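> After the sequence you'll find the predicted model.
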Amino acid sequence: MVYDVNLQEQHASNLFDLRGVVAVVTGGGSGIGLMIGSTLLTNGATVYIIGPGQSNLDRIARIYNEAAEKIPGGGRMIGLEGDISLKSEAKRLAEEIGSREPYVTVLFNNAGIMAGNFVPPTIPSSSAYVSAFFDAIKQEDFNNVLNTNSVSAYWMTFAFLPLLEKWKNSTEQVTKKFVPQVIMTSSMNGWTKDSATSGWSYPYLFSKSAIGHATSTLAHELLPLGIRVNGIAPGLFATEMTASGLSNKAGVSVLPPDKKIGFEVPALKTGGTRRDVGALALCLVANWYINGETVLIDGGTLLKHPSSY
């Protein structure tokens, strides 16, 4: 018996051909957001990067659009300024993108900040702990981190639901290839028991724990709509957060050789790369069968540190 096997649909060039895809990436002008956005752009997607400072977003978009023009089937990148921690801004951004695009394929709730870092106490006494964990932490830092890293994902997810649903209900051929999805950027710090892996910031730890729970909860909530919710939990990556002030003009950061890391990374000592997180983003966008999961991408860090992952 002769079988006619067509492998074309399983070829990488077809699986990850994102032409026609519309993606929105918060915090897309730098760090992990830019690593994800530039990967989507390279594979043909239209990518909206959201962040503070329109002029900087325009500059980043111009750099990457010029590079994408040299690639067959490359997409385009568009910058939009917005404060995603505000409910009103989430609505405005959804309306703005909805006025330009017929739908959205995938929303990456990626934006994140870090503040409220403490210096670990060296004396095992309540006064030393109060000084380090309470007195030194500003309430506004705690609030800003939680609002930006966690609450914003709630506002953005529901503000963009109608555009994600329009992708699902569209009759255009490209919309039959991918399932609409929300992808959260959590962190290994959503599961760690060692505050050293977070750069000693409890606001950051709490915010990333919240995103991890929101991923599974919202995935359950949105089942009737056929809109998936998944997550990415990065470990150490070179970003403005981990290598402040060391980004080049294209928004790419590099950890200096003498950078002191307060925890062990079994894999690359310089952390993950845009290839690592970009490949994971492509997998989640292309896969129909993953829902409610957060994928840990930490180079094995949590194998060395106590965690509940």
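Everything's here; your move. Numbers count the residues shown, from 1 in each chain.
> Report the central residue of the protein.
Among the residues of the chain, the smallest C-alpha distance to the mean C-alpha position (C-alpha atoms, centre = their mean) belongs to residue 110, namely 3.1 Å.
> Is residue 162 in contact with residue 98, as I believe?
Yes. Residue 162 lies in contact with residue 98 (C-beta atoms under 8 Å); the separation is 7.4 Å. Glycine gets a C-beta too; all of them are placed from N, C-alpha and C.
> the more surrounded of these two?
Set residue 162 next to residue 98 and count neighbours by other C-beta atoms under 10 Å: residue 98 wins out with 16 against 13.
> which non-adjacent residue is nearest that one?
Computed as C-beta to C-beta, 6 or more residues apart in numbering, the closest residue to residue 98 that is not its neighbour in sequence is residue 163, at 5.5 Å.
> what's the spacing between the one you found and residue 48?
With distances defined as C-beta to C-beta, to the nearest Å, the gap from residue 163 to residue 48 amounts to 11 Å.
> Please identify which of the two sits among more neighbours.
Under the criterion of other C-beta under 10 Å, the comparison of residue 163 against residue 48 puts residue 48 first, with 28 against 21.
> burial measure for the spatially closest residue to the more buried one that is not a sequence neighbour, as a count.
Of all residues beyond its chain neighbours, the one nearest residue 48 is residue 24 (4.7 Å), with distances taken as C-beta to C-beta, 6+ apart. Neighbourhood size, residue 24 [other C-beta under 10 Å]: 29.
> Look up the closest residue to residue 235, ignoring the ones flanking it.
With C-beta to C-beta, 6+ apart as the criterion, residue 235 has its nearest non-adjacent residue at 2.7 Å, and that residue is residue 298.
> Torsion angles phi and psi at that neighbour?
Listed backbone geometry of residue 298 is phi -130, psi 10, with angles given as degrees, to the nearest 10.
> residues of the helix or strand containing residue 303 that come out buried?
Residue 303 is part of helix 301-304 when elements are defined by DSSP states H and E. Neighbour-count burial for helix 301-304, with 16 or more other C-beta atoms under 10 Å as criterion, is recorded at 301-302.
> Restrict that helix to CA atoms and write it as PDB.
Taking only C-alpha atoms (Å, rounded to 0.1, in the frame of the first residue of the first chain), the coordinates of helix 301-304 have been written out as PDB:
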ATOM      1  CA  THR A 301      17.500  27.900  38.400                       C
ATOM      2  CA  LEU A 302      14.600  26.600  40.400                       C
ATOM      3  CA  LEU A 303      16.300  23.100  40.400                       C
ATOM      4  CA  LYS A 304      18.900  24.700  42.600                       C
END
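> name the helices or strands packed onto it?
Using 3 or more C-beta pairs under 8 Å, 6 or more residues apart in numbering; DSSP states H and E as the contact criterion, helix 301-304 has no neighbours among helices and strands.
> what bits of the stretch 201-309 of the chain have low per-residue confidence?
Under the criterion of pLDDT under 70, the regions of the stretch 201-309 of the chain flagged as low confidence span 240-250, 253-260, 262, 267-269.
> isn't there a helix covering residue 157?
Yes. When classified by DSSP: H, G, I helix; E, B strand; the rest coil, residue 157 is found to be part of a helix.
> ok so, going back, from residue 185, how far off is the residue nearest to residue 98?
Looking at residue 163 against residue 185, where the rule is C-beta to C-beta, the gap reads 20 Å.
> OK, contacts around the spatially closest residue to residue 133 that is not a sequence neighbour?
Closest residue to residue 133 apart from its sequence neighbours, by C-beta to C-beta, 6+ apart: residue 118 at 5.7 Å. When the contact criterion is C-beta atoms under 8 Å, 6 or more residues apart in numbering, the partners of residue 118 are 132-133, 136-137, 200-202.
> Show me how to select, in ChimeraX, the buried members of those.
In ChimeraX, a selection of the buried entries from these looks like this (16+ other C-beta under 10 Å):
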select :132,133,137,200,201,202
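> And the strands in the stretch 201-309 of the chain, which stretches?
For the stretch 201-309 of the chain, strands defined by DSSP state E, counting those that start in this stretch occupy the ranges 228-234, 294-297.
> The last one pairs with which strands, parallel or anti?
Partner strands for strand 294-297, per DSSP bridges, with pairing direction: strand 228-234 (parallel).
> Render the CA-only coordinates of the partner strand in PDB, please.
Output in PDB follows, covering the C-alpha atoms of strand 228-234 (Å, rounded to 0.1, in the frame of the first residue of the first chain):
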ATOM      1  CA  ARG A 228      -6.700  30.600  25.600                       C
ATOM      2  CA  VAL A 229      -4.500  32.000  28.400                       C
ATOM      3  CA  ASN A 230      -1.000  30.800  28.900                       C
ATOM      4  CA  GLY A 231       2.100  32.100  30.600                       C
ATOM      5  CA  ILE A 232       5.900  32.400  30.400                       C
ATOM      6  CA  ALA A 233       7.900  32.300  33.600                       C
ATOM      7  CA  PRO A 234      11.400  33.600  32.700                       C
END
